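Q: The following block contains a protein sequence and its predicted model.
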Amino acid sequence: MNKTLIIIEREFTTRVHKKSFILLTVLMPFVFAALIFVPVALAQIKDDGQKSVALIDHTGRYAREFTDDASWRFVPETQLEPGADYEATIVISADLAANPSAVQIYSEKEVSPDLLRLVSSRLDERLRQDRLAASGIAGLEDIVAELEKGVNVRTVKWNADGGETSSNTYVAMGAGFLFTFLIYMFVMAYGAMVMQSVLEEKTGRIVELMVSSVKPFQLMLGKVVGVALVGFVQLIVWGVMLAAIIAAASIFFGASPELSSPAAGVPAPQAEAAQAVAAGEGAEVLEALLNLPYLEMGIMFVCCFAGGYLLYASFYAAVGASVSSQEDSSQFVTPMVLIMVFGLYAAMYSIENTDGPLAFWASLFPLTSPIVMMVRVPFGVPLWQEVLSVALLFGSALGMIWIAGRIYRVGILMYGKKPTLREMIRWIRYK
(Lines give C-alpha, C1' and ligand atoms only; values in the text may rest on other atoms or scores of the structure.)
Protein backbone atom coordinates (compact mmCIF):
# COMPACT_ATOMS: atom_id res chain seq x y z
CA MET A 1 0.00 0.00 0.00
CA ASN A 2 2.91 2.34 0.77
CA LYS A 3 4.24 1.87 -2.77
CA THR A 4 0.83 2.76 -4.22
CA LEU A 5 0.74 5.94 -2.12
CA ILE A 6 4.22 6.85 -3.33
CA ILE A 7 3.08 6.46 -6.95
CA ILE A 8 -0.04 8.54 -6.25
CA GLU A 9 2.11 11.25 -4.70
CA ARG A 10 4.53 11.15 -7.62
CA GLU A 11 1.77 11.40 -10.23
CA PHE A 12 0.12 14.24 -8.33
CA THR A 13 3.20 16.34 -7.61
CA THR A 14 4.69 15.83 -11.08
CA ARG A 15 1.58 17.14 -12.78
CA VAL A 16 0.66 20.02 -10.47
CA HIS A 17 4.18 21.45 -10.75
CA LYS A 18 4.07 21.59 -14.54
CA LYS A 19 3.86 25.09 -15.99
CA SER A 20 1.11 23.98 -18.35
CA PHE A 21 -1.02 22.80 -15.43
CA ILE A 22 -0.50 26.04 -13.48
CA LEU A 23 -1.26 28.23 -16.49
CA LEU A 24 -4.34 26.22 -17.46
CA THR A 25 -5.65 26.20 -13.89
CA VAL A 26 -5.19 29.96 -13.45
CA LEU A 27 -6.26 31.13 -16.91
CA MET A 28 -9.20 28.82 -17.66
CA PRO A 29 -11.65 30.52 -15.22
CA PHE A 30 -10.90 33.85 -16.91
CA VAL A 31 -11.55 32.23 -20.30
CA PHE A 32 -14.89 30.87 -19.06
CA ALA A 33 -15.84 34.24 -17.60
CA ALA A 34 -14.80 35.99 -20.83
CA LEU A 35 -17.04 33.66 -22.84
CA ILE A 36 -19.94 34.73 -20.62
CA PHE A 37 -19.37 38.45 -20.19
CA VAL A 38 -17.43 39.65 -23.24
CA PRO A 39 -20.30 38.99 -25.72
CA VAL A 40 -22.68 40.77 -23.30
CA ALA A 41 -20.35 43.76 -23.00
CA LEU A 42 -19.74 43.96 -26.76
CA ALA A 43 -23.46 43.71 -27.50
CA GLN A 44 -24.11 46.77 -25.34
CA ILE A 45 -21.61 48.94 -27.23
CA LYS A 46 -23.53 51.23 -29.56
CA ASP A 47 -22.31 53.60 -32.24
CA ASP A 48 -21.49 57.01 -30.80
CA GLY A 49 -23.16 58.95 -33.61
CA GLN A 50 -26.87 59.32 -34.29
CA LYS A 51 -27.80 57.77 -37.62
CA SER A 52 -30.19 59.51 -39.99
CA VAL A 53 -33.12 57.67 -41.53
CA ALA A 54 -35.34 59.11 -44.25
CA LEU A 55 -39.08 58.76 -43.61
CA ILE A 56 -41.53 58.94 -46.52
CA ASP A 57 -45.13 58.71 -45.31
CA HIS A 58 -47.53 59.00 -48.23
CA THR A 59 -50.53 58.69 -45.89
CA GLY A 60 -49.44 61.42 -43.47
CA ARG A 61 -50.73 59.33 -40.54
CA TYR A 62 -47.64 57.57 -39.17
CA ALA A 63 -44.78 60.08 -39.29
CA ARG A 64 -45.51 61.36 -35.77
CA GLU A 65 -44.88 57.89 -34.37
CA PHE A 66 -41.20 58.18 -35.24
CA THR A 67 -39.56 60.44 -32.68
CA ASP A 68 -35.79 60.78 -32.53
CA ASP A 69 -33.77 58.92 -29.90
CA ALA A 70 -30.07 58.52 -29.06
CA SER A 71 -29.46 56.14 -31.97
CA TRP A 72 -31.80 57.26 -34.73
CA ARG A 73 -32.90 60.57 -36.26
CA PHE A 74 -35.90 60.45 -38.58
CA VAL A 75 -35.93 63.00 -41.42
CA PRO A 76 -39.23 63.53 -43.35
CA GLU A 77 -38.79 63.27 -47.12
CA THR A 78 -41.17 63.28 -50.08
CA GLN A 79 -39.51 60.91 -52.52
CA LEU A 80 -37.08 58.01 -52.55
CA GLU A 81 -33.47 58.94 -53.35
CA PRO A 82 -31.15 55.89 -53.52
CA GLY A 83 -27.95 57.91 -53.43
CA ALA A 84 -28.90 60.07 -50.42
CA ASP A 85 -26.76 60.16 -47.30
CA TYR A 86 -29.12 58.11 -45.13
CA GLU A 87 -28.63 54.86 -43.24
CA ALA A 88 -31.98 53.68 -44.59
CA THR A 89 -35.27 54.96 -46.02
CA ILE A 90 -38.68 54.02 -44.60
CA VAL A 91 -41.54 54.20 -47.11
CA ILE A 92 -45.18 53.92 -45.98
CA SER A 93 -47.32 53.82 -49.12
CA ALA A 94 -50.86 53.11 -47.85
CA ASP A 95 -53.09 52.74 -44.82
CA LEU A 96 -51.60 49.88 -42.80
CA ALA A 97 -54.99 48.92 -41.36
CA ALA A 98 -56.13 48.04 -44.87
CA ASN A 99 -52.76 46.83 -46.15
CA PRO A 100 -50.28 45.77 -43.39
CA SER A 101 -47.60 45.12 -46.04
CA ALA A 102 -47.55 48.72 -47.26
CA VAL A 103 -44.30 49.56 -45.47
CA GLN A 104 -40.78 48.94 -46.77
CA ILE A 105 -37.29 49.81 -45.57
CA TYR A 106 -34.73 50.52 -48.29
CA SER A 107 -31.00 50.41 -47.64
CA GLU A 108 -27.76 49.91 -49.52
CA LYS A 109 -26.81 47.18 -47.01
CA GLU A 110 -28.65 44.86 -44.66
CA VAL A 111 -31.03 46.76 -42.41
CA SER A 112 -29.95 47.07 -38.77
CA PRO A 113 -31.91 44.72 -36.48
CA ASP A 114 -32.34 47.61 -34.01
CA LEU A 115 -33.99 49.76 -36.68
CA LEU A 116 -36.17 46.90 -37.86
CA ARG A 117 -37.38 46.21 -34.30
CA LEU A 118 -37.98 49.93 -33.69
CA VAL A 119 -40.08 50.40 -36.85
CA SER A 120 -42.07 47.22 -36.25
CA SER A 121 -42.85 47.99 -32.59
CA ARG A 122 -43.99 51.58 -33.25
CA LEU A 123 -46.15 50.73 -36.25
CA ASP A 124 -47.62 47.64 -34.59
CA GLU A 125 -48.72 49.70 -31.59
CA ARG A 126 -50.24 52.42 -33.82
CA LEU A 127 -52.00 49.80 -35.98
CA ARG A 128 -53.42 48.16 -32.87
CA GLN A 129 -54.79 51.47 -31.60
CA ASP A 130 -56.32 52.33 -34.99
CA ARG A 131 -58.09 48.99 -35.24
CA LEU A 132 -59.49 49.27 -31.72
CA ALA A 133 -60.68 52.83 -32.36
CA ALA A 134 -62.31 51.80 -35.67
CA SER A 135 -64.50 49.27 -33.87
CA GLY A 136 -66.45 52.05 -32.13
CA ILE A 137 -66.85 49.98 -28.97
CA ALA A 138 -66.26 51.97 -25.82
CA GLY A 139 -63.59 50.54 -23.51
CA LEU A 140 -62.53 47.93 -26.08
CA GLU A 141 -58.85 48.68 -25.53
CA ASP A 142 -59.10 47.81 -21.84
CA ILE A 143 -61.05 44.65 -22.67
CA VAL A 144 -58.40 43.52 -25.18
CA ALA A 145 -55.63 44.29 -22.69
CA GLU A 146 -57.33 42.01 -20.18
CA LEU A 147 -57.77 39.28 -22.79
CA GLU A 148 -54.09 39.43 -23.70
CA LYS A 149 -52.97 38.74 -20.15
CA GLY A 150 -51.47 35.27 -19.96
CA VAL A 151 -51.59 32.68 -17.22
CA ASN A 152 -48.65 32.51 -14.84
CA VAL A 153 -48.32 28.84 -13.94
CA ARG A 154 -46.28 28.11 -10.81
CA THR A 155 -44.95 24.65 -10.06
CA VAL A 156 -44.87 23.41 -6.47
CA LYS A 157 -43.36 20.21 -5.07
CA TRP A 158 -44.80 18.30 -2.14
CA ASN A 159 -42.27 17.22 0.45
CA ALA A 160 -42.35 13.89 2.25
CA ASP A 161 -43.89 15.60 5.30
CA GLY A 162 -46.61 17.26 3.20
CA GLY A 163 -44.91 20.65 3.01
CA GLU A 164 -44.68 22.68 -0.17
CA THR A 165 -41.63 24.15 -1.89
CA SER A 166 -41.44 26.22 -5.07
CA SER A 167 -39.90 24.48 -8.07
CA ASN A 168 -38.96 25.29 -11.65
CA THR A 169 -38.64 22.68 -14.37
CA TYR A 170 -36.08 24.65 -16.37
CA VAL A 171 -33.90 25.26 -13.31
CA ALA A 172 -33.89 21.52 -12.61
CA MET A 173 -33.04 20.79 -16.25
CA GLY A 174 -30.16 23.26 -16.20
CA ALA A 175 -28.74 21.99 -12.90
CA GLY A 176 -28.92 18.36 -13.99
CA PHE A 177 -27.27 18.96 -17.33
CA LEU A 178 -24.52 21.05 -15.73
CA PHE A 179 -23.47 18.13 -13.52
CA THR A 180 -23.83 15.74 -16.45
CA PHE A 181 -21.54 17.84 -18.62
CA LEU A 182 -18.94 18.13 -15.83
CA ILE A 183 -18.76 14.35 -15.46
CA TYR A 184 -18.57 13.86 -19.23
CA MET A 185 -15.74 16.36 -19.66
CA PHE A 186 -13.79 15.13 -16.62
CA VAL A 187 -13.93 11.46 -17.60
CA MET A 188 -12.99 12.21 -21.22
CA ALA A 189 -10.11 14.55 -20.38
CA TYR A 190 -8.53 12.84 -17.39
CA GLY A 191 -9.14 9.29 -18.59
CA ALA A 192 -7.15 10.13 -21.70
CA MET A 193 -4.50 11.70 -19.44
CA VAL A 194 -4.05 8.35 -17.67
CA MET A 195 -3.49 6.61 -21.01
CA GLN A 196 -1.03 9.30 -22.10
CA SER A 197 0.93 8.95 -18.86
CA VAL A 198 1.21 5.18 -19.26
CA LEU A 199 2.29 5.52 -22.90
CA GLU A 200 4.98 8.08 -22.06
CA GLU A 201 6.56 5.87 -19.43
CA LYS A 202 6.26 2.76 -21.58
CA THR A 203 7.82 4.28 -24.69
CA GLY A 204 10.57 5.87 -22.58
CA ARG A 205 11.35 2.49 -20.99
CA ILE A 206 10.96 4.09 -17.54
CA VAL A 207 8.35 1.53 -16.62
CA GLU A 208 10.91 -1.31 -16.84
CA LEU A 209 12.72 0.20 -13.87
CA MET A 210 9.52 0.87 -11.95
CA VAL A 211 8.08 -2.64 -12.21
CA SER A 212 11.26 -4.04 -10.71
CA SER A 213 10.25 -2.56 -7.35
CA VAL A 214 6.47 -2.29 -7.57
CA LYS A 215 3.70 -4.55 -8.84
CA PRO A 216 2.11 -3.52 -12.15
CA PHE A 217 -1.34 -3.38 -10.53
CA GLN A 218 -0.06 -0.98 -7.86
CA LEU A 219 1.50 1.13 -10.60
CA MET A 220 -1.75 1.26 -12.54
CA LEU A 221 -3.86 2.04 -9.47
CA GLY A 222 -1.43 4.76 -8.41
CA LYS A 223 -1.68 6.43 -11.80
CA VAL A 224 -5.47 6.29 -11.89
CA VAL A 225 -5.88 7.76 -8.40
CA GLY A 226 -3.05 10.29 -8.81
CA VAL A 227 -4.50 11.75 -12.00
CA ALA A 228 -7.94 11.82 -10.38
CA LEU A 229 -6.61 13.93 -7.51
CA VAL A 230 -5.05 16.33 -10.01
CA GLY A 231 -8.44 16.68 -11.68
CA PHE A 232 -10.24 17.23 -8.38
CA VAL A 233 -7.82 19.96 -7.36
CA GLN A 234 -8.15 21.66 -10.73
CA LEU A 235 -11.95 21.55 -10.64
CA ILE A 236 -12.06 22.96 -7.11
CA VAL A 237 -9.73 25.83 -8.05
CA TRP A 238 -11.75 26.52 -11.19
CA GLY A 239 -15.01 26.53 -9.24
CA VAL A 240 -13.76 28.94 -6.56
CA MET A 241 -12.06 31.29 -9.05
CA LEU A 242 -14.97 31.26 -11.49
CA ALA A 243 -17.48 32.05 -8.72
CA ALA A 244 -15.34 34.98 -7.57
CA ILE A 245 -14.81 36.26 -11.12
CA ILE A 246 -18.51 36.04 -12.01
CA ALA A 247 -19.49 37.79 -8.76
CA ALA A 248 -17.01 40.60 -9.42
CA ALA A 249 -18.01 40.88 -13.08
CA SER A 250 -21.71 40.98 -12.17
CA ILE A 251 -21.06 43.91 -9.83
CA PHE A 252 -18.97 45.65 -12.49
CA PHE A 253 -21.52 45.22 -15.29
CA GLY A 254 -24.48 45.86 -13.02
CA ALA A 255 -28.02 44.68 -13.68
CA SER A 256 -29.03 43.26 -17.00
CA PRO A 257 -29.83 46.03 -19.49
CA GLU A 258 -33.15 44.40 -20.35
CA LEU A 259 -34.28 44.84 -16.76
CA SER A 260 -32.75 48.23 -16.10
CA SER A 261 -34.12 50.28 -19.00
CA PRO A 262 -37.19 50.18 -21.26
CA ALA A 263 -36.69 48.55 -24.61
CA ALA A 264 -36.58 50.80 -27.63
CA GLY A 265 -40.01 51.45 -29.07
CA VAL A 266 -41.89 50.02 -26.05
CA PRO A 267 -44.09 52.48 -24.14
CA ALA A 268 -42.92 53.19 -20.59
CA PRO A 269 -45.96 51.62 -18.80
CA GLN A 270 -45.53 48.38 -20.76
CA ALA A 271 -41.79 48.37 -20.10
CA GLU A 272 -42.40 48.84 -16.38
CA ALA A 273 -44.93 46.01 -16.40
CA ALA A 274 -42.44 43.78 -18.21
CA GLN A 275 -39.79 44.64 -15.63
CA ALA A 276 -42.18 43.77 -12.81
CA VAL A 277 -43.00 40.41 -14.41
CA ALA A 278 -39.33 39.69 -15.02
CA ALA A 279 -38.49 40.59 -11.42
CA GLY A 280 -41.22 38.27 -10.15
CA GLU A 281 -40.01 35.44 -12.38
CA GLY A 282 -36.45 36.08 -11.20
CA ALA A 283 -37.54 35.71 -7.58
CA GLU A 284 -39.34 32.45 -8.40
CA VAL A 285 -36.28 31.11 -10.24
CA LEU A 286 -34.05 32.02 -7.30
CA GLU A 287 -36.42 30.31 -4.87
CA ALA A 288 -36.56 27.21 -7.08
CA LEU A 289 -32.78 27.22 -7.29
CA LEU A 290 -32.50 27.29 -3.52
CA ASN A 291 -35.02 24.44 -3.20
CA LEU A 292 -33.09 21.95 -5.33
CA PRO A 293 -32.17 18.70 -3.51
CA TYR A 294 -28.53 19.67 -3.11
CA LEU A 295 -27.66 16.91 -0.63
CA GLU A 296 -29.02 14.18 -2.89
CA MET A 297 -27.46 15.78 -5.96
CA GLY A 298 -24.11 16.14 -4.18
CA ILE A 299 -24.02 12.51 -3.03
CA MET A 300 -25.02 11.19 -6.45
CA PHE A 301 -22.57 13.51 -8.19
CA VAL A 302 -19.66 12.24 -6.09
CA CYS A 303 -20.71 8.61 -6.64
CA CYS A 304 -21.20 9.02 -10.40
CA PHE A 305 -18.07 11.13 -10.67
CA ALA A 306 -15.85 8.62 -8.85
CA GLY A 307 -17.43 5.48 -10.32
CA GLY A 308 -17.44 6.77 -13.88
CA TYR A 309 -13.84 7.93 -13.68
CA LEU A 310 -12.59 4.63 -12.18
CA LEU A 311 -14.46 2.67 -14.85
CA TYR A 312 -13.14 4.59 -17.81
CA ALA A 313 -9.69 5.48 -16.44
CA SER A 314 -8.87 1.83 -15.76
CA PHE A 315 -9.88 1.04 -19.34
CA TYR A 316 -7.67 3.83 -20.64
CA ALA A 317 -4.78 2.56 -18.49
CA ALA A 318 -5.16 -0.93 -19.94
CA VAL A 319 -5.17 0.47 -23.49
CA GLY A 320 -2.09 2.59 -22.76
CA ALA A 321 -0.23 -0.44 -21.46
CA SER A 322 -1.21 -2.59 -24.44
CA VAL A 323 -0.13 -0.36 -27.32
CA SER A 324 3.16 1.27 -28.22
CA SER A 325 1.95 4.56 -29.73
CA GLN A 326 -0.95 6.98 -29.61
CA GLU A 327 -2.04 6.00 -33.12
CA ASP A 328 -2.40 2.32 -32.18
CA SER A 329 -4.83 3.16 -29.36
CA SER A 330 -7.61 4.47 -31.64
CA GLN A 331 -9.12 1.06 -32.43
CA PHE A 332 -9.66 0.39 -28.71
CA VAL A 333 -10.53 3.92 -27.57
CA THR A 334 -13.03 4.81 -30.31
CA PRO A 335 -15.80 2.39 -29.20
CA MET A 336 -15.62 3.69 -25.62
CA VAL A 337 -15.71 7.31 -26.82
CA LEU A 338 -18.76 6.53 -28.93
CA ILE A 339 -20.47 5.02 -25.90
CA MET A 340 -19.75 8.16 -23.89
CA VAL A 341 -21.07 10.37 -26.69
CA PHE A 342 -24.18 8.19 -26.81
CA GLY A 343 -24.55 8.71 -23.05
CA LEU A 344 -24.38 12.48 -23.52
CA TYR A 345 -27.02 12.39 -26.26
CA ALA A 346 -29.16 10.06 -24.15
CA ALA A 347 -28.96 12.62 -21.34
CA MET A 348 -29.95 15.44 -23.70
CA TYR A 349 -32.96 13.52 -25.06
CA SER A 350 -33.95 12.29 -21.59
CA ILE A 351 -34.02 15.71 -20.00
CA GLU A 352 -37.67 16.27 -20.97
CA ASN A 353 -38.76 12.75 -20.03
CA THR A 354 -36.66 11.70 -17.06
CA ASP A 355 -38.88 8.70 -16.27
CA GLY A 356 -38.99 7.36 -19.81
CA PRO A 357 -37.44 4.06 -20.92
CA LEU A 358 -34.36 5.72 -22.44
CA ALA A 359 -33.61 7.66 -19.24
CA PHE A 360 -34.36 4.66 -17.02
CA TRP A 361 -32.19 2.07 -18.77
CA ALA A 362 -29.38 4.47 -19.66
CA SER A 363 -29.17 5.54 -15.99
CA LEU A 364 -28.73 1.90 -14.94
CA PHE A 365 -26.32 0.76 -17.67
CA PRO A 366 -22.86 1.29 -16.09
CA LEU A 367 -21.18 2.77 -19.18
CA THR A 368 -23.80 5.55 -19.47
CA SER A 369 -25.23 5.81 -15.95
CA PRO A 370 -22.67 8.36 -14.63
CA ILE A 371 -23.79 10.78 -17.34
CA VAL A 372 -27.53 10.11 -17.59
CA MET A 373 -28.37 9.66 -13.90
CA MET A 374 -27.40 13.23 -13.00
CA VAL A 375 -30.04 14.57 -15.42
CA ARG A 376 -32.73 12.65 -13.53
CA VAL A 377 -31.73 13.44 -9.94
CA PRO A 378 -33.09 17.04 -9.77
CA PHE A 379 -36.50 15.74 -10.88
CA GLY A 380 -36.65 13.06 -8.18
CA VAL A 381 -35.52 9.46 -8.61
CA PRO A 382 -36.70 6.53 -6.46
CA LEU A 383 -34.06 5.54 -3.94
CA TRP A 384 -33.89 1.95 -5.16
CA GLN A 385 -32.98 3.13 -8.66
CA GLU A 386 -30.20 5.36 -7.33
CA VAL A 387 -28.81 2.56 -5.15
CA LEU A 388 -29.02 0.02 -7.97
CA SER A 389 -27.34 2.42 -10.42
CA VAL A 390 -24.46 3.16 -8.04
CA ALA A 391 -24.06 -0.52 -7.15
CA LEU A 392 -23.90 -1.56 -10.81
CA LEU A 393 -21.51 1.30 -11.58
CA PHE A 394 -19.02 0.52 -8.83
CA GLY A 395 -19.34 -3.22 -9.41
CA SER A 396 -18.48 -2.66 -13.07
CA ALA A 397 -15.67 -0.27 -12.11
CA LEU A 398 -14.11 -2.83 -9.77
CA GLY A 399 -14.47 -5.50 -12.45
CA MET A 400 -12.85 -3.20 -15.02
CA ILE A 401 -10.01 -2.42 -12.61
CA TRP A 402 -9.39 -6.15 -12.17
CA ILE A 403 -9.48 -6.78 -15.93
CA ALA A 404 -7.30 -3.75 -16.62
CA GLY A 405 -4.81 -4.94 -14.00
CA ARG A 406 -4.53 -8.33 -15.69
CA ILE A 407 -3.96 -6.69 -19.07
CA TYR A 408 -1.63 -4.07 -17.62
CA ARG A 409 0.79 -6.55 -15.99
CA VAL A 410 1.47 -8.19 -19.40
CA GLY A 411 1.00 -5.33 -21.81
CA ILE A 412 3.21 -2.86 -19.95
CA LEU A 413 6.33 -4.83 -20.97
CA MET A 414 5.22 -5.60 -24.54
CA TYR A 415 6.83 -3.50 -27.30
CA GLY A 416 6.63 -3.18 -31.05
CA LYS A 417 3.41 -5.06 -31.65
CA LYS A 418 -0.20 -3.95 -31.58
CA PRO A 419 -2.16 -6.66 -29.76
CA THR A 420 -5.41 -8.08 -31.01
CA LEU A 421 -8.52 -8.37 -28.88
CA ARG A 422 -8.00 -12.14 -28.70
CA GLU A 423 -4.49 -11.68 -27.33
CA MET A 424 -5.74 -9.27 -24.68
CA ILE A 425 -8.37 -11.80 -23.60
CA ARG A 426 -5.58 -14.38 -23.32
CA TRP A 427 -3.60 -11.97 -21.10
CA ILE A 428 -6.57 -11.73 -18.74
CA ARG A 429 -6.56 -15.54 -18.34
CA TYR A 430 -2.87 -15.77 -17.48
CA LYS A 431 -2.22 -16.97 -13.95
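A: Yes, it's here.

Q: only C-alpha atoms for contact and neighbour calcs from this point on.
A: Fine.

Q: okay but Ile246 is in contact with Ala33, surely?
A: Yes - when contacts are counted by CA atoms under 8 Å, Ile246 is listed as touching Ala33 (6.5 Å).

Q: Pull the contacting residues for Arg64.
A: By CA atoms under 8 Å, 6 or more residues apart in numbering, the contact list for Arg64 is empty.

Q: now Val91
A: So Val91 contacts Leu55, Ile56, Asp57, His58, Val103, Gln104, Ile105, Tyr106 (CA under 8 Å, 6+ apart).

Q: Can you say which of these are buried?
A: Leu55, Ile56, Asp57, His58, Val103, Ile105, Tyr106 (16 or more other CA atoms under 10 Å).

Q: can I get the residues you listed in a markdown table with pLDDT, distance to Met297 and secondary structure?
A: Shown next, in a markdown table, are the buried ones among the contacts of Val91 (pLDDT from 0 to 100; distance: CA to CA, whole Å; DSSP: H, G, I helix; E, B strand; the rest coil):
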| residue | pLDDT | distance to Met297 | secondary structure |
| --- | --- | --- | --- |
| Leu55 | 88 | 58 | strand |
| Ile56 | 87 | 61 | strand |
| Asp57 | 87 | 61 | strand |
| His58 | 86 | 64 | coil |
| Val103 | 88 | 55 | strand |
| Ile105 | 88 | 53 | strand |
| Tyr106 | 87 | 55 | strand |
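
Q: can you name the two of these that are farthest apart?
A: With CA to CA as the measure, no two of the buried ones among the contacts of Val91 lie farther apart than His58 and Tyr106, at 15.4 Å.

Q: Isn't Val103 up against Asp95?
A: No - Val103 is beyond contact range of Asp95, at 9.4 Å (criterion: CA under 8 Å).

Q: Mind naming the longest helix for the chain?
A: In the chain, ranked by residue count with DSSP state H as the criterion, the top helix is helix 216-253.

Q: Measure how far that helix is from the centre of its chain, please.
A: 18 Å (CA atoms, centre = their mean, to the nearest Å).

Q: quick one: buried residues of it?
A: Counting neighbours by 16+ other CA under 10 Å, the buried set in helix 216-253 is 216-231, 234, 238, 241-242, 245-246.

Q: for stretch 299-312, same thing?
A: Neighbour count says stretch 299-312 has Met300, Phe301, Cys303, Cys304, Phe305, Ala306, Gly307, Gly308, Tyr309, Leu310, Leu311, Tyr312 buried, by 16+ other CA under 10 Å.

Q: Now do the host helix or strand of the second one and helix 216-253, the angle between them.
A: Think Phe301. Taking DSSP states H and E as the definition, one finds Phe301 inside helix 294-322. Orientation check (axes from the mean of the first three to the mean of the last three CA atoms, to 10 degrees): helix 294-322 against helix 216-253 gives 130 degrees.

Q: Now find how far off-centre helix 294-322 is within its chain.
A: Centroid displacement of helix 294-322 relative to its chain, using CA atoms, centre = their mean, is 21 Å.

Q: I'd like the mean pLDDT over whatever helix or strand comes next after it, please.
A: Using DSSP H and E, the helix or strand that follows helix 294-322 in sequence is helix 330-350. Across helix 330-350, the average pLDDT comes to 86.

Q: In the following helix or strand past helix 330-350, which residues are buried?
A: Per DSSP H and E, helix 330-350 leads on to helix 357-362 as the next helix or strand towards the C-terminus. For helix 357-362, a neighbour-count test (16+ other CA under 10 Å) marks Ala359, Phe360, Trp361, Ala362 as buried.

Q: How about Met241, nearest residue that isn't a chain neighbour?
A: Leaving aside its sequence neighbours, Met241 sits nearest to Pro29 (CA to CA, 6 or more residues apart in numbering; 6.2 Å).

Q: and the one you found, how many residues sit next to it?
A: Counted with other CA atoms under 10 Å, residues neighbouring Pro29 total 21.

Q: which ones are touching it?
A: Listed by CA under 8 Å, 6+ apart, the contact partners of Pro29 are Trp238, Gly239, Met241, Leu242, Ile245.

Q: any idea of the angle whatever helix or strand it lives in forms with helix 216-253?
A: Using DSSP H and E, Pro29 sits in helix 19-43. For helix 19-43 against helix 216-253, the angle by the same axes, to 10 degrees is 30 degrees.

Q: what's the average pLDDT for helix 19-43?
A: Rounded mean pLDDT across helix 19-43 is 78.

Q: sec struct for Ala54, please.
A: strand (DSSP: H, G, I helix; E, B strand; the rest coil).

Q: hang on, the earlier thing: among the buried residues of helix 357-362, which one lies nearest to Gly320?
A: Of all these, Ala362 has the smallest distance to Gly320: 27.5 Å, by CA to CA.

Q: thought the closest one was touching Val375?
A: No - checked against CA under 8 Å, the pair Ala362 and Val375 is beyond contact range at 11.0 Å.

Q: burial of the closest residue in space to Leu140 that isn't next to it in sequence, as a residue count?
A: Counting by CA to CA, 6+ apart, Leu140 lies nearest to Leu132, which is 6.5 Å off, once chain neighbours are set aside. Neighbour count for Leu132, taken as other CA under 10 Å: 17.

Q: check which helix or strand covers the residue most central in space within the chain.
A: In the chain, the centroid-proximal residue (CA atoms, centre = their mean) is Leu178; its distance is 6.1 Å. Secondary structure assignment for Leu178, by DSSP H and E: helix 169-203.

Q: Which elements pack onto that helix?
A: helix 216-253, helix 268-290, helix 294-322, helix 330-350, helix 369-376 (3 or more CA pairs under 8 Å, 6 or more residues apart in numbering; DSSP states H and E).

Q: distance between the ends of stretch 93-105?
A: Start-to-end span of stretch 93-105 (CA to CA, to the nearest Å) is 11 Å.

Q: now swap in stretch 38-50 and tell me
A: Using CA to CA, the end-to-end distance of stretch 38-50 comes out at 24 Å.

Q: And stretch 354-364, by the same measure?
A: 13 Å.

Q: Contacts for it next, please.
A: Applying CA under 8 Å, 6+ apart, the external contacts of stretch 354-364 come out as 343, 346-347, 350, 353, 368-373, 375-376, 379, 385, 388-389, 392-393.

Q: Tell me the confidence at Leu367?
A: pLDDT, Leu367: 91.

Q: My read is that it contacts Met340, right?
A: Yes - with contact defined as CA under 8 Å, Leu367 reaches Met340; the gap is 7.3 Å.

Q: quick one on the thing from earlier: how close does the residue nearest to the centre of the chain sit to Val372?
A: 11 Å.

Q: swap in Val38?
A: Look at Val38 and Val372: by CA to CA, they are 32 Å apart.
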